[in-house]
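Asks: Sequence plus predicted model, see below.
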Amino acid sequence: MPLTPDEFNKLVLKDDLKKFKEELKEELMEDNRKNTDKVLRSNDELMAELKKNGENFTMNQAAHDRFEKRIGVLEEKTGISPVSV
């Protein structure tokens, strides 16, 4: 079955496939960069949150230790023994 001139112009050539391959490769690389950026940004946010939580834990622990010390002094001065649970 012979091709019409219109059909012949629509045939894909080897150069067309190479160009398509390069364009696809560039597009995939760009998508990969965008996804990598999203992951790294998300990790940065998580690490900031973990750091903040660690700092909060340290401050709460220090406050708890101060309260324990003050309660111990009050128990000693008043003669009240600690309540066991």
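Replies: That came through, no problem. Numbering: from 1, shown residues only.

Asks: Name the helix or strand for S81, please.
Replies: Applying DSSP states H and E as the criterion places S81 outside every helix and strand.

Asks: Give me the number of neighbouring residues for the nearest residue to it once chain neighbours are set aside.
Replies: Leaving aside its sequence neighbours, S81 sits nearest to E75 (Cβ to Cβ, 6 or more residues apart in numbering; 6.9 Å). Every C-beta, even on glycine, is put in place using the N, C-alpha and C of the backbone. Neighbours of E75 under the rule other Cβ atoms under 10 Å: 13.

Asks: same check, this time on the one 5 residues further on
Replies: The criterion is other Cβ under 10 Å. On that basis, I80 has 10 neighbouring residues.

Asks: Run a quick neighbour tally on the nearest residue to it once chain neighbours are set aside.
Replies: Nearest non-adjacent residue to I80, counting by Cβ to Cβ, 6+ apart: L74, 7.6 Å away. For L74, the neighbour count with other Cβ under 10 Å is 10.

Asks: residue ranges with poor pLDDT in the chain?
Replies: 85 (pLDDT under 70).

Asks: Helices of that one, start to end?
Replies: In the chain, the helices defined using DSSP state H lie at 5-9, 14-78.

Asks: now the shortest one, how far from the centre of its chain.
Replies: Looking back up the chat, that one is helix 5-9. 52 Å (Cα atoms, centre = their mean, to the nearest Å).

Asks: Buried residues, that helix. List them.
Replies: Within helix 5-9, no residue qualifies as buried by neighbour count (16 or more other Cβ atoms under 10 Å).
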